[in-house]
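>>> 3D model of this:
(one chain, ligands or ions: 1)
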Amino acid sequence: PTRAAFEKAMSSLEYGKYSIAFASGCGAMTALLHLFKTGDHFVVCDDVYGGTQRYMRLFSKEKFGFEIDFVDMTNIENVQKAIKPTTKMIWVETPTNPTLKLIDLEAIAKLAKEKNILTVGDNTFCNPYLQSPLLLGIDISLNSCTKYIGGHSDVVMGVLVFNCEKLYKELFLAAKSIGACPSPFDSYLCIRGLKTLEVRTMQICRNGYHLAHFLEKHPLVEKTIYPGLKSHPQHEIARKQMRGFGGMISFLIKGGLEQASKFLRAVKVFTLAESLGGVEGIFKA
Ligand SMILES: *Cc1c(COP(=O)(O)O)cnc(C)c1O
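Numbers count the residues shown, from 1 in each chain. Sure, this is the predicted structure:
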């Protein structure tokens, strides 16, 4: 029942009819990939999360015989060109982890619908308070709750939200069979996280805005990438599909590896780049 309560809250937050929670974001991704069979073709954004890329390359492609093309989706023509008669899914992540490319979700959804291709939007790097893939026509929204939804660096969990009943039956069967199911306690931790998602997100956006502008002007920073900066190549897409610009910033330090390592050894708040969206980085930043 605790898991069901979390799933109900997620359906509401992501504007979907159905949710299925998983033991991790990777568990959600793996279960989803069980909808397909050998020979099916996927088009995936080239800068997709490392774990997604690893599973798709080492397992889906090498062992299970899926065909996968990783393309730069900031240009929609690249997606159009990559589609084949066997294409069954388009996997989009926006902003991408870690180079923060933005992909036009509405344009991808429209293209896929014409060809009856399933679309998946990984919403983790944005967060469901700021972006609603389902409202933009994407079929399935994926979130790693380990990040913004949990928000306290103390839980690993994932969730899929969507509208189709047939998908619910297939995905529920996959979830149950694979066994990547979350515990009641983890579900409870994510429900707790959701209660402050709004206030945390507002603060995250404020911090992001100030930090990005600070970094952009800093003499030792070569380049700052943040969806909210006018200098971001897809800034207009951010304005169109995000309600705020979020908390993820990438920047390049002037110099080389030596300067970058020195900087990383000196940081005090973000000491381990393994997860994101925890309160530790919100209130000390
Ligand atoms: C972390 C992350 C995942 C995987 O989530 P886990 O809960 O760590 O398994 C998937 N997608 C993105 C964009 C992520 O940042």
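
>>> from here on, contacts and neighbour counts on C-alpha atoms
OK.

>>> Would you agree residue 222 falls within a strand?
Yes: judged by DSSP: H, G, I helix; E, B strand; the rest coil, residue 222 forms part of a strand.

>>> what sits against it?
If you count contacts by CA atoms under 8 Å, 6 or more residues apart in numbering, residue 222 has them with 251, 252, 253, 254.

>>> Can you check the residues you listed and name whichever has the most neighbours?
The most crowded member of the contacts of residue 222, judged by other CA atoms under 10 Å, is residue 253 (19 neighbours).

>>> ok, that residue to the ligand distance?
22 Å (CA to the nearest ligand atom, to the nearest Å).

>>> again, but for residue 145
Distance of residue 145 to the ligand, given as CA to the nearest ligand atom: 6 Å.

>>> how about the residues of the stretch 51-200 of the chain near the ligand?
Applying CA under 6 Å from any ligand atom, we find that the stretch 51-200 of the chain lies next to the ligand at 97, 124, 125, 144, 146, 156, 157, 158.

>>> mind checking how far the longest strand seen in the chain is from the chain centre?
Scanning the chain for the longest strand, with DSSP state E as the assignment, gives strand 87-93. Chain-centre distance of strand 87-93: 13 Å, with CA atoms, centre = their mean, to the nearest Å.

>>> which other helices and strands contact it?
If you count contacts as 3 or more CA pairs under 8 Å, 6 or more residues apart in numbering; DSSP states H and E, strand 87-93 packs onto strand 41-45, strand 118-122.

>>> Give the other helices and strands that the first one contacts.
Looking back up the chat, that one is strand 41-45. strand 67-71, strand 87-93.

>>> any idea which of the ones you listed is most buried?
Sort those by mean neighbour count, taking mean count of other CA atoms under 10 Å, and strand 87-93 sits at the top with a mean of 23.

>>> what does that strand contact?
With CA under 8 Å, 6+ apart, strand 87-93 has contacts from 36, 40-45, 48-49, 103, 105, 112, 116-123, 125.

>>> tell me the mean pLDDT over it?
For strand 87-93, mean pLDDT rounds to 98.

>>> what does stretch 98-110 give?
Averaging pLDDT along stretch 98-110 gives 96.
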